[in-house]
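Novice: Below are the sequence and a predicted model for it; my questions follow.
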There are 2 protein chains.
Amino acid sequence: MTGSLAIVGLGPGPDHWVVPEATAVLAAATDLVGYQPYIDRVPARAGLIRHGSDNRVEIDRARHALAMAAEGRIVAVVSGGDPGVFAMAAAVFEAVEAGDHGWRSLDISVIPGVSAMQAAAARLGAPLGHDFCAISLSDNLKPWAIVERRLRAAAEGDFVIALYNPASKARPDRIHQAFALLRDLKAGDTPVAFARAVGRPDEAMTLATLAEADPGIADMSTLVLIGSSETRFIAKIGGRPWLLTPRTYGVGR
Amino acid sequence: MTGSLAIVGLGPGPDHWVVPEATAVLAAATDLVGYQPYIDRVPARAGLIRHGSDNRVEIDRARHALAMAAEGRIVAVVSGGDPGVFAMAAAVFEAVEAGDHGWRSLDISVIPGVSAMQAAAARLGAPLGHDFCAISLSDNLKPWAIVERRLRAAAEGDFVIALYNPASKARPDRIHQAFALLRDLKAGDTPVAFARAVGRPDEAMTLATLAEADPGIADMSTLVLIGSSETRFIAKIGGRPWLLTPRTYGVGR
């Protein structure tokens, strides 16, 4: 098999957050596979074939990409954020594991990107300055019980928590359930941030405390950050406060 | 105060993993502040003043950068990886919090970058494909007891675990203590990866199981990844196995 498959991260939105390796790989591809809005972000070029899809068929998309690579095409699977973080890399390797044995000889590469929690953190100051975890609230592919177990463990470990996929039309209650659970386990004055569409024209940041936050404002374009016991606001003159999770722990307690 | 301060992520090493926004900010800076090996990665240019330091004085470096910005300079603090993840952003905002009140009116920005765990994950396949946490094993600034508490919580939550700063000359035993703790709590066949200097000429990847891994191979250039109960190897024809943490949980159990 002589083709190749690259899984490329486009970051949260703006071109200035796409790494040069991603740009180079996209310029060399014969075929683009991915969710249509991501495909639309790649400039048109003679000979480049676009295979857009909706957002519900990651595994079919992965199989299609692998089959084309096996035919000798130079395929790029485009993904938002970092393809390795709640994005297309896992779907592609699941398809490899379950698929045609010959796919295991393909040249498959992953090109990293800026994930939503990093973009949110950059805007907010330094909320991820110390130990943190990232949890997807989607229960499409895993039982809700494991999400609850992980939220409890994240609170027990006093990690900063980044919540991906906080809500969708099919399961609007999950973010409310997650906040109810965390409010039982963490202090009410814990800083919380809702970072919506960071880097895009409709970017919106909302800061709150865990006790007073309205989790209902989170949609599928929102990354939710919940602080550790050390995370705090720093007042800024003439602007929104910064968020800091310091490198120290327990100093002054 | 008319100056500005940008905290810029240079990623793990290669230029093709530096986002264009970082390159643009570095091209506009009057002053670079940072650990000398990071400063050395920025091309020389007339009028650019370099303020290199060793790796032990993050907070002094941050204060110096803020003081220069307050004098009207255009300052870039350079950081490896993502400045928000176990890097310079936290030190800068700690210095803001404790420092001259006027610093709170400065224009401070953070430019995200590719962090070590993302580069490691890209090389390995999709080990971060599902919920994960990131823990620094350094106990320079926090008690070891909180590291142990977080390792236990990460095991209880069955997270994939990314360990930063696994070892140093001053504390070579910490990685051995962490492995001993995790071996009591997690299955012996859990996949483990030691990703050393990813993207640099001396890059080296070592795969093992938790039971058989030699944690002594981790140095300060190594990112250690430890799987969840779902993480597995996928045999590759003609190469090192891939690592996959699938999006599903508990399927087939």
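Specialist: Arrived safely.
Novice: Skipping its backbone neighbours, what lies nearest residue A:122 in space?
Specialist: residue B:110 (4.0 Å; C-beta to C-beta, 6 or more residues apart in numbering or on different chains). All C-beta atoms are positioned from the backbone trio N, CA, C, and that covers glycine.
Novice: Which helix or strand contains that neighbour?
Specialist: strand B:107-111 (DSSP states H and E).
Novice: Now tell me what touches that strand from outside.
Specialist: With C-beta atoms under 8 Å, 6 or more residues apart in numbering or on different chains as the test, strand B:107-111 has contacts from A:121-123, A:125-126, A:242, B:3-9, B:19, B:21-22, B:25, B:69, B:83-84, B:89, B:92-93, B:96.
Novice: Kindly report the same for stretch A:223-230.
Specialist: A:116-117, A:119-121, A:124, A:127-128, A:130-132, A:158-164, A:166, A:175, A:182, A:186-187, A:190-196, A:198, A:210, A:215, A:218, A:243, A:245-246, A:248-250.
Novice: Pull out the buried members of the residues you listed.
Specialist: Neighbour-count burial (16 or more other C-beta atoms under 10 Å in any protein chain shown) applied to the contacts of stretch A:223-230 gives A:116-117, A:119-121, A:124, A:127-128, A:130-132, A:158-164, A:166, A:175, A:182, A:186, A:190-196, A:198, A:210, A:215, A:218, A:243, A:245-246, A:248-249.
Novice: Close to chain B as well: tell me which of those qualify.
Specialist: Among these, the ones lying near chain B by C-beta under 8 Å from any C-beta of the partner chain are A:119, A:121, A:127-128, A:130-132, A:158-159, A:245-246, A:248-249.
Novice: between those residues, which is closest to residue A:61?
Specialist: residue A:119 (23.9 Å; C-beta to C-beta).
Novice: so after the one helix or strand the closest one maps to, what's the next helix or strand?
Specialist: Here residue A:119 sits within helix A:116-124, counting by DSSP H and E. Moving toward the C-terminus from helix A:116-124, the next helix or strand (DSSP H and E) is strand A:125-126.
Novice: hmm, that next one touching chain B?
Specialist: Yes - legend: contact between strand A:125-126 and chain B by C-beta under 8 Å from any C-beta is shown at A:125, A:126.
Novice: circling back to that earlier point, so for the strand holding residue B:110, what gets flagged as buried?
Specialist: With burial defined by 16+ other C-beta under 10 Å, the residues of strand B:107-111 counted as buried are B:108, B:110, B:111.
Novice: Which one of these is nearest to chain A?
Specialist: Using C-beta to the nearest C-beta, residue B:110 is the member of the buried residues of strand B:107-111 that lies nearest chain A, at 4.0 Å.
Novice: Helices along chain A, start to end?
Specialist: Listed in chain order, the helices found in chain A under DSSP state H are A:20-28, A:36-39, A:58-70, A:88-98, A:116-124, A:144-156, A:174-185.
Novice: Quick check: buried residues in stretch A:2-12?
Specialist: Buried residues in stretch A:2-12, counting neighbours by 16+ other C-beta under 10 Å, are found at A:3, A:4, A:5, A:6, A:7, A:8, A:9, A:10, A:11, A:12.
Novice: Quick one: end-to-end distance for that stretch.
Specialist: 32 Å (C-alpha to C-alpha, to the nearest Å).
Novice: Chain B: which of the buried residues of stretch A:2-12 is nearest?
Specialist: Nearest to chain B, judged by C-beta to the nearest C-beta, of the buried residues of stretch A:2-12 is residue A:11 at 7.6 Å.
Novice: quick one: the closest one and residue B:157, what's the gap?
Specialist: Using C-beta to C-beta, to the nearest Å, residue A:11 is found at 28 Å from residue B:157.
Novice: One more: residue A:16?
Specialist: In terms of C-beta to C-beta, residue A:16 sits 35 Å off from residue B:157.
Novice: more neighbours, those two?
Specialist: Set residue A:16 next to residue B:157 and count neighbours by other C-beta atoms under 10 Å in any protein chain shown: residue B:157 wins out with 25 against 16.
Novice: pLDDT at the more buried one, what is it?
Specialist: On the pLDDT scale, residue B:157 is placed at 98.
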